[in-house]
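>>> Have a look; sequence and predicted model below, questions after that.
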Amino acid sequence: MNEIRFRARLFRYPGKGGWTFAPVPKRYAPVGKLAWGRTPALAAVDGKQWSTSVWTDRSGSTLLPVPKKIRGEKEDGDLVDVRLHYKQ
């Protein structure tokens, strides 16, 4: 699969220590998944690149976890530009 580009609105899972995610549109969800519904990916958010995995949650949605060191000052509800390349 070629590089995927989209805009996403960050959201934080509720609760102490909740992670912040960028939802991946269904049309860009990976076909093959590894254990625990994860797919390795090279990701970039607002131009900051890192190696990670996208996750499939219980509802079947695909989520990109975005750590604080990548998102900077952006938080829940903020828009980000996302680039993904799956490592399948």
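All right, it came through fine.

>>> CA atoms for contacts and neighbours, from now on please.
OK.

>>> ok, the helix or strand hosting R83: who's next to it in the sheet?
For R83, the element it lies in under DSSP states H and E is strand 79-86. Strand pairing for strand 79-86, using DSSP bridges, gives strand 4-9 (antiparallel), strand 38-45 (antiparallel).

>>> Output those in JSON lines, with mean neighbour count appended to each entry.
Below are the strands paired with strand 79-86 laid out as JSON lines (neighbours: other C-alpha atoms under 10 Å):
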{"stretch": "strand 4-9", "mean neighbour count": "16"}
{"stretch": "strand 38-45", "mean neighbour count": "20"}
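
>>> what's the least confident stretch among these?
Lowest mean pLDDT within the strands paired with strand 79-86: strand 38-45, at a mean of 94.

>>> contact partners of that strand?
Strand 38-45 is contacted by residues 30, 32-33, 49-56, 66, 70-71, 80-88 when judged by C-alpha atoms under 8 Å, 6 or more residues apart in numbering.

>>> Tell me which helix or strand comes right after it, heading toward the C-terminus.
Downstream of strand 38-45, the next assigned helix or strand under DSSP H and E is strand 48-56.

>>> elements contacting that following strand?
Here strand 48-56 touches strand 38-45, strand 62-65, going by 3 or more C-alpha pairs under 8 Å, 6 or more residues apart in numbering; DSSP states H and E.

>>> Can you say which of these is nearest to Y13?
Nearest of these to Y13, taken as C-alpha to C-alpha: strand 62-65 at 10.4 Å.

>>> tell me the contacts of S53?
S53 sits next to 38-42, 64-65 when contact means C-alpha under 8 Å, 6+ apart.

>>> quick one: which two of these are the most distant?
Those two in those that are separated most widely, counting by C-alpha to C-alpha, are R38 and L42, at 12.9 Å.
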